[in-house]
Structure formats: C-alpha cells, structure tokens
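Novice: Sequence and computational prediction follow.
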Amino acid sequence: YADTKLITITIAEQPNKSCMDLSRARDITVRVGEDFSIHVPYTGFPQPTASWFADDK
C-alpha cells in the first residue's frame, strides 16, 4: 500500500551572472604615494567581489 503525503519545496534564489557596467570607465593618473580608490560597478547574486593587482602581486 502507498502513503500519500503533501510536501512543500522552497527553492532558494538562484545566482545571477555577474555583470560590470563599463559605460562610465575612464583612465586615471595617480602620483606615487597618493591614495586612490576605484569604484567597480559589479552586479550579481551573490554579490561579487573584486581584487586589483599590479605587477602580478
């Protein structure tokens, strides 16, 4: 004999492919010793992270 049961399945939010908006990208010039910051316009889920390296370091 078979039992019949009602179950509920909840599907978690699916990841979205990361996307970067480069429409406002521009060159920057920084002098040695100056602080600077770079805004990385990434979107996606889960939220992506960005890392920046110079001279492979």
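Specialist: Sure thing, it's come through.
Novice: Grab the most central residue of the protein for me.
Specialist: The residue lying closest to the centre of the chain (Cα atoms, centre = their mean) is Pro48, at 1.9 Å.
Novice: Surely it and Ser18 touch.
Specialist: Yes: with contact defined as Cβ atoms under 8 Å, Pro48 reaches Ser18; the gap is 4.6 Å. The way it works is simple: take the backbone N, C-alpha and C, and place the C-beta from them, glycine included.
Novice: so what sits against both of those two?
Specialist: Tyr42 (Cβ atoms under 8 Å, 6 or more residues apart in numbering).
Novice: And the residue nearest to the centre of the chain, its phi and psi?
Specialist: phi -70, psi 160 (degrees, to the nearest 10).
Novice: before we move on, what about Cys19?
Specialist: Torsion angles, degrees, to the nearest 10, at Cys19: phi -140, psi 140.
Novice: What's the end-to-end length of stretch 34-54?
Specialist: End-to-end distance for stretch 34-54, by Cα to Cα, to the nearest Å: 15 Å.
Novice: show me what contacts Cys19?
Specialist: Tyr42, Thr43, Gly44.
Novice: Which of the helices or strands spans the last one?
Specialist: Which is Gly44. strand 42-45 (DSSP states H and E).
Novice: and that strand, which strands flank it?
Specialist: strand 16-20 (antiparallel) (DSSP bridges).
Novice: ok, residues contacting stretch 33-41?
Specialist: By Cβ under 8 Å, 6+ apart, the list of residues contacting stretch 33-41 reads Met20, Asp21, Leu22, Arg24, Ile28, Val30, Ala50, Trp52.
Novice: Cheers, nothing more for now.
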